[in-house]
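Undergrad: Sequence plus predicted model, see below.
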Amino acid sequence: MTAVAVAALTACSGDGVHGTPGASGVRDPYFPKAGNGGYDIGHYDLALVYDPDTEHLTGTATITARATQDLSAFNLDLKGLDVEKVTVEGRDARVNRAGQELTVRPPDELDDGETFRVAVRYSGDPVTVTDPDGSEEGWLPTEDGAVGLGQPTGSMAWYPGSHHPSDKATYDLAVSVPEGFGVVSNGELTGEATRGGRTTYTWHVAEPMSSHVATVAVGEWETDRSTTGDGLPVHTAVDPQQADASRKVLERIPEVMEWAQENFGPYPFSSTGAIVDRVEDAGYALETQNRPYFPGAPNTVLLVHELAHQWYGNSVSPKTWRDMWLNEGFATYAEWLWAEDEGGDTAQETFDALYEGTYYPDEDANDSVWAFPPADPPDAKAISASPVYQRGAMVLHKIRQTVGDDAFWSLLKGWAAAHRHGNADTEDFTAFVEKAAPDEDFTEVWEEWLYGDGRPEKP
């Protein structure tokens, strides 16, 4: 889709010019145009107006950022939608559109280290983004509203920003919808006010959040607010059609959270919970921050998986999408640990079944576990493939075998603590493990299980 530029972007000239444009991407190995260089975003303030009947979205995004170089121009990621006005520090800026890149030239150049505020006013019918693996994300119309799901790059379909997990920020969201609709988002609900037939819900996210786990879910909801045994707020929102099917599993959230904190350490966010939409509204669950999103009532194992992501994937986020196994391998291994503690298969039994090719009833599915190394997916569509999940979990089990249970539990907690609210890559992880267990030899684990092609020799 080609958008009309708000104003022509012209070259700066003159003796006073000292800055250069920020990069139009962070050179992610699979999504090179995702994110942007030259600045770091600290906060998003999003004011959205949505009409489910017309599927029309109007928004103003006010972004507070800090320049990391002298900037003559910088880019924002925005896919689709019409840009009506852009200001930097309250003054009109010149802009240009090229694909998902919105290039902004401020009226005055920005100095390295300078904090600045850019406001983008935009509107239109949000697009649906099709991932390389064929799944859909972005702004998805649902039977009774819409949901914003962003992994890996879909959030750029409903607000401009630096849409890469390496650029985290805090958020304020104010979403206005026709009276009778509800809005659920990340963080804490700080206000709800109805005027002139519309209700505005305000949400505040105090902890840093990557854009791919930001969400806005519009619809009809049955909401429940409670607390865990240690006082952590639990906020659930369930489509009425899924209320009965969801009740028992959602009642286990406090139990799962207690178990997770015992294994992974202190919970990194201000509240927990879940969003349960209709089965047909999306084709997958997602670890949206604070409260995961589910299309239909989840089972307990899926709930464990998505809540484990709050530590591994949301708090400790990947530096690049090549590091996806640090999200999915950990969450998958959490499933194994839960089953082990609940009297099901032990983690060793699950590992053995995967290795022997008896885990799945389908031979092709068993073979797919060995398609590529978990730390090196061959392309963008592979970052959500079986080796990232199952073989990633097998890497963790090999570490557990190497260091023993006591050291392994300390390692799980230590990793979550060391990079709390930050980013990490595979090299960070291997260095962390080797430092935590300096007397152990991890050569086989890294060379055969993490980076090796094919199935390793029988362990």
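TA: Cool, got the structure. Numbering: from 1, shown residues only.
Undergrad: pretty sure Glu255 belongs to a helix, no?
TA: Yes - under DSSP: H, G, I helix; E, B strand; the rest coil, Glu255 falls within a helix.
Undergrad: Run a quick neighbour tally on it.
TA: 12 (other C-beta atoms under 10 Å). Where C-beta positions appear, they are placed from N, C-alpha and C, glycine not excepted.
Undergrad: Quick check: it vs Glu342, distance?
TA: In this view, Glu255 and Glu342 are 10 Å apart by C-beta to C-beta, to the nearest Å.
Undergrad: ok, now Leu110?
TA: In this view, Leu110 and Glu342 are 54 Å apart by C-beta to C-beta.
Undergrad: Tell me which of these two has more neighbours.
TA: Leu110 (25 against 12).
Undergrad: Help me confirm that Gly296 comes into contact with Gln242.
TA: Yes - the criterion here is C-beta atoms under 8 Å, and Gly296 meets it with Gln242 at 6.1 Å.
Undergrad: Need the overlap of contacts for these two.
TA: Here Gly296 and Gln242 have Val276, Asp277, Arg278, Val279 as joint contacts, going by C-beta atoms under 8 Å, 6 or more residues apart in numbering.
Undergrad: Helices along the stretch 101-250 of the chain, start to end?
TA: 243-250 (DSSP state H, counting those that start in this stretch).
Undergrad: where does the stretch 201-350 of the chain have low pLDDT?
TA: Low-confidence regions of the stretch 201-350 of the chain, defined here as pLDDT under 70, do not occur.
Undergrad: ok, which stretches of it are strands?
TA: Counting by DSSP state E, counting those that start in this stretch, one finds strands in the stretch 201-350 of the chain at the ranges 216-219, 222-227, 233-238, 272-277, 293-295, 316-318.
Undergrad: Find the centremost residue of this protein, please.
TA: Geometric centre of the chain, nearest residue: Val213, 2.9 Å, by C-alpha atoms, centre = their mean.
Undergrad: who's in contact with stretch 438-451?
TA: Stretch 438-451 has contacts (C-beta under 8 Å, 6+ apart) with 373-376, 391, 394-395, 398-399, 402-403, 426, 430, 433-434, 456-457.
Undergrad: send the alpha carbons of that stretch over as PDB?
TA: Output of stretch 438-451 as PDB, limited to C-alpha atoms (Å, rounded to 0.1, in the frame of the first residue of the first chain):
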ATOM      1  CA  PRO A 438      32.700 -23.000  35.600                       C
ATOM      2  CA  ASP A 439      33.700 -26.600  36.400                       C
ATOM      3  CA  GLU A 440      31.400 -28.100  33.800                       C
ATOM      4  CA  ASP A 441      32.100 -28.800  30.100                       C
ATOM      5  CA  PHE A 442      29.300 -27.600  27.900                       C
ATOM      6  CA  THR A 443      31.000 -28.200  24.600                       C
ATOM      7  CA  GLU A 444      28.700 -31.000  23.600                       C
ATOM      8  CA  VAL A 445      25.600 -29.100  24.600                       C
ATOM      9  CA  TRP A 446      26.500 -26.100  22.500                       C
ATOM     10  CA  GLU A 447      28.000 -27.800  19.500                       C
ATOM     11  CA  GLU A 448      25.600 -30.800  19.200                       C
ATOM     12  CA  TRP A 449      22.300 -29.600  20.700                       C
ATOM     13  CA  LEU A 450      22.200 -25.800  20.400                       C
ATOM     14  CA  TYR A 451      24.000 -25.200  17.100                       C
END
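Undergrad: List only buried entries from the shared contacts of Gly296 and Gln242.
TA: Applying 16 or more other C-beta atoms under 10 Å to the shared contacts of Gly296 and Gln242, the neighbour count classes Val276, Asp277, Arg278 as buried.
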